[in-house]
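Peer 1: Quick one: sequence plus predicted model below, questions after.
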Amino acid sequence: ILAFPETADRAEKVAYDLRSKGFCVEYDLMKRSFKAQMKYANRVEAKYLLVLGQDELVSGQLRLKNMADGSEQIVDLEKLGTKIVV
């Protein structure tokens, strides 16, 4: 989960919810920049990336990026666990 300082608390909750559904989830605890978080996701070969910024918090939707093909989709926060296929 790529989060910004103002969305870190919500990222923690999203990570917890996804982990309880059996997903392996990481989010940044070191408050690195967006670019540094992207580099880290590439380095650990993350399959998917969630972007959680202020706009996503307001709308209740996250951007879900498939790292293999670069495609992105908008996912309702409430339906998040059902959109990702392991």
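Peer 2: Nice, thanks for sending it over.

Peer 1: the longest helix in the protein is where?
Peer 2: Ranked by number of residues, the top helix in the chain under DSSP state H is helix 8-20.

Peer 1: CA atoms of that one as CSV?
Peer 2: The C-alpha trace of helix 8-20 is given here as CSV (Å, rounded to 0.1, in the frame of the first residue of the first chain):
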residue,chain,number,x,y,z
ALA,A,8,-1.0,6.3,7.2
ASP,A,9,-3.6,5.4,9.9
ARG,A,10,-6.1,4.4,7.2
ALA,A,11,-3.4,2.4,5.4
GLU,A,12,-2.7,0.4,8.6
LYS,A,13,-6.4,-0.5,8.8
VAL,A,14,-6.6,-1.5,5.2
ALA,A,15,-3.5,-3.6,5.6
TYR,A,16,-5.0,-5.3,8.6
ASP,A,17,-8.3,-6.0,6.9
LEU,A,18,-6.5,-7.5,3.8
ARG,A,19,-4.2,-9.6,6.0
SER,A,20,-7.3,-11.0,7.8
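
Peer 1: all strands for the protein, in order.
Peer 2: With DSSP state E, the ranges of strands along the chain come out as 2-3, 48-52, 61-66, 72-76.

Peer 1: For those strands, give me CSV that also has mean pLDDT and distance to residue 37.
Peer 2: Where you see a C-beta, it was placed from the backbone N, CA and C, and this is true even at glycine. Output for those, formatted as CSV (pLDDT from 0 to 100; distance: least, Cβ to Cβ, whole Å):
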stretch, mean pLDDT, distance to residue 37
strand 2-3, 88, 5
strand 48-52, 91, 9
strand 61-66, 91, 12
strand 72-76, 91, 16
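
Peer 1: so residue 52 touches residue 14, yeah?
Peer 2: Yes. Shown here, residue 52 and residue 14 form a contact pair, counting by Cβ atoms under 8 Å, at 6.5 Å.

Peer 1: any residues in contact with both of the two?
Peer 2: Counting by Cβ atoms under 8 Å, 6 or more residues apart in numbering, the shared contacts of residue 52 and residue 14 are 1, 62.

Peer 1: I'd like to know how far the residue sitting furthest away from the middle of the chain sits from residue 37.
Peer 2: Distance to the chain centre peaks in the chain at residue 69, reaching 16.6 Å (criterion: Cα atoms, centre = their mean). Residue 69 sits 20 Å away from residue 37, taking Cβ to Cβ, to the nearest Å as the criterion.
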